[in-house]
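got a sequence here, can you model it:
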Amino acid sequence: MELFPCDFLFVHRDSEGVEASVRQQEIETSWPESQQAAVLICVVPVRMTEAWLVANEKPIRLAVGNPNGTESLGLPAIKDVESLPDPKKVLFEALKAASGLNASRKRRFNPHQFRHRVSELTDDLEPLRKLSSFRHLEAQVQRHLVKSNS
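Numbers count the residues shown, from 1 in each chain. This next block holds a predicted model:
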């Protein structure tokens with residue numbers, strides 16, 4: 001915070017089977033008073049953040065540079081993304097499928113280098129708004145934006 005002061009600080013902690021409110025309280029109580037000039041926003045997805053990234057096929061296809069691809073990505077229904085046992089694996093498999101590469105090239109494909117692009121290219125938040133954990137995050141941001149604009 002001394003080197004990189006900010007107005008909003010987003011702190012991520014997966015809920016890992018614990019109520020989101022408990023995780024939020026853990027984050028808030030570990031936040032030192034001396035650092036409280038910034039607004040603390042708690043990001044608490046039910047599973048991994050990657051679960052949020054498999055909510056929309058378009059940014060996955062854009063991330064790998066194949067926006068017009070037609071390969072099935074095997075994405076779960078939005079109601080199921082937070083119950084996936086391994087959302088990171090689902091995301092990586094979807095990135096491979098979206099690439100449109102042949103089997104030989106898919107084996108050498110590195111999905112790690114594309115996963116961050118998915119979040120950068122996500123411009124439609126409507127699917128995510130069906131998830132309570134994302135709605136909670138969005139409500140925190142909106143609440144603090146309203147305060148800062150008052």
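
alpha carbons only for contacts and neighbour counts from here, please
Will do.

quick check: buried residues in the helix ranked longest in the chain?
For the chain, the helix with the greatest residue count under DSSP state H is helix 132-149. Within helix 132-149, the residues that count as buried by 16 or more other CA atoms under 10 Å are 133, 134, 136, 137, 140, 141.

from residue 20, how far out is the last one?
As for residue 141, its distance to residue 20 is 16 Å (criterion: CA to CA, to the nearest Å).

re earlier: so what secondary structure elements neighbour the longest helix of the chain?
Where contact means 3 or more CA pairs under 8 Å, 6 or more residues apart in numbering; DSSP states H and E, helix 132-149 is packed against strand 39-43.

give the pairing partners of the strand it packs on; include direction for each.
strand 8-12 (parallel) (DSSP bridges).

average model confidence for the strand it pairs with?
What strand 8-12 shows for mean pLDDT is 89.

host element of the residue of the chain most remote from its centre?
Distance to the chain centre peaks in the chain at residue 104, reaching 29.7 Å (criterion: CA atoms, centre = their mean). Per DSSP states H and E, residue 104 falls inside helix 103-108.

ok, and what's touching that helix?
If you take CA atoms under 8 Å, 6 or more residues apart in numbering as the criterion, helix 103-108 is touched by residue 96.
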